[in-house]
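A.B. asks: Sharing a model that was predicted from the sequence below.
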Amino acid sequence: MSAPTKNKVIVLQPGYSREDEHDATAMRANCTCTLVRCRDGLNIIVDTMTAWDGDLLRSLLRHQGLEVEDIHVVVCTHGHSDHIGCNYLFQSARMHMVGACASNRDLYLDHLTSDDENEELALDTNGEVVVKRTPGHTLSCVSVIVQNTQFGGGPVGIAGDLFERREDVEDERIWRNAGSEDESSQRVERSKMALLCDHIQP
Ligand SMILES: [Zn+2]
């Protein structure tokens, strides 16, 4: 069997954010959980849902023919609890990234710490799957950018809460109301991402 020629981006579970139906002051939200199967064999999970979603996440992975031990890298676009909840499942991974902070067990790694705001960390051996900082929703937010995907065309951006949902392109109140630690930098990062990517996964 020849090696795959494309990186595959697979949405395991689409996320959502909406006002709670009983309490207008509260929100219901869970992240989009995405699997990236790199053509060099590396498996990356981006955002791991809430701590209550472990069984769901295991079964979503099994549908892809994978066990939790088959995940090599965990990237959480930021540290909100619906993006990191099931990190504990992935104890065979060589690296967990939560925002721009990378670690393995108790070892913290020196990645994405330079003054260069455009610094990228390549995850795969082909340099087609990178993490970069996209501050705004939180100051430590990162996005994963995947080139050479099964969709063809330009890169796919896995952006976490930089984009809240499709409608927030027309109505910026949606992403601003979802919480932004720095609205002006989020606005800048959103347009940079929109220019760079053909497809953005909120
Ligand atoms: Zn968030």
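C.D. replies: Ah, there it is.
A.B. asks: From here on, just use CA atoms for contacts and neighbour counts.
C.D. replies: Fine.
A.B. asks: could you pull out the helices for the chain?
C.D. replies: 54-63, 81-84, 173-177, 183-196 (DSSP state H).
A.B. asks: rank those helices by mean pLDDT and give me the bottom one.
C.D. replies: Mean pLDDT values for the helices of the chain show the minimum at helix 173-177, a mean of 89.
A.B. asks: Is Met38 in contact with Ile10, as I believe?
C.D. replies: Met isn't right for residue 38; it's Cys. No: counting by CA atoms under 8 Å, Cys38 does not reach Ile10; the two are 10.9 Å apart.
A.B. asks: quick one, which of those two is more surrounded?
C.D. replies: Neighbour count, other CA atoms under 10 Å: between Cys38 and Ile10, Cys38 has more, with 25 against 14.
A.B. asks: Find me the pLDDT at the more buried one, would you?
C.D. replies: Looking at Cys38, its pLDDT is 98.
A.B. asks: Next: Ile45.
C.D. replies: At Ile45, pLDDT is 98.
A.B. asks: Identify the spatial nearest neighbour of it, chain neighbours not counted.
C.D. replies: Of all residues not flanking Ile45 in the chain, Leu35 sits nearest, at 4.6 Å (CA to CA, 6 or more residues apart in numbering).
A.B. asks: so what's that neighbour up against?
C.D. replies: Residues near Leu35 by CA atoms under 8 Å, 6 or more residues apart in numbering: 9-12, 43-46.
A.B. asks: So, low pLDDT: which residues of this structure?
C.D. replies: Filtered on pLDDT under 70, the chain yields the residue ranges 1.
A.B. asks: change it to 90
C.D. replies: Within the chain, the segments meeting pLDDT under 90 span 1-4, 17-19, 24, 27, 113-115, 117, 164-170, 174, 177-179, 201-202.
A.B. asks: And Ala159, its phi and psi?
C.D. replies: Main-chain torsions, Ala159, degrees, to the nearest 10: phi -110, psi 0.
A.B. asks: That one contacts Val142, correct?
C.D. replies: Yes: assessed by CA under 8 Å, Ala159 is found in contact with Val142 at 7.3 Å.
A.B. asks: Find residues that contact each of the two.
C.D. replies: Thr77.
A.B. asks: Those two: which has the busier surroundings?
C.D. replies: Taking Ala159 and Val142 together and counting by other CA under 10 Å, Val142 has the greater number of neighbours (29 against 23).
A.B. asks: For burial, what's the neighbour tally of the closest residue to the more buried one other than its chain neighbours?
C.D. replies: Closest residue to Val142 apart from its sequence neighbours, by CA to CA, 6+ apart: Arg133 at 4.2 Å. For Arg133, the neighbour count with other CA under 10 Å is 23.
A.B. asks: show me the contacts for Arg133.
C.D. replies: Counting by CA under 8 Å, 6+ apart, Arg133 touches 99-100, 112, 117-120, 140-143.
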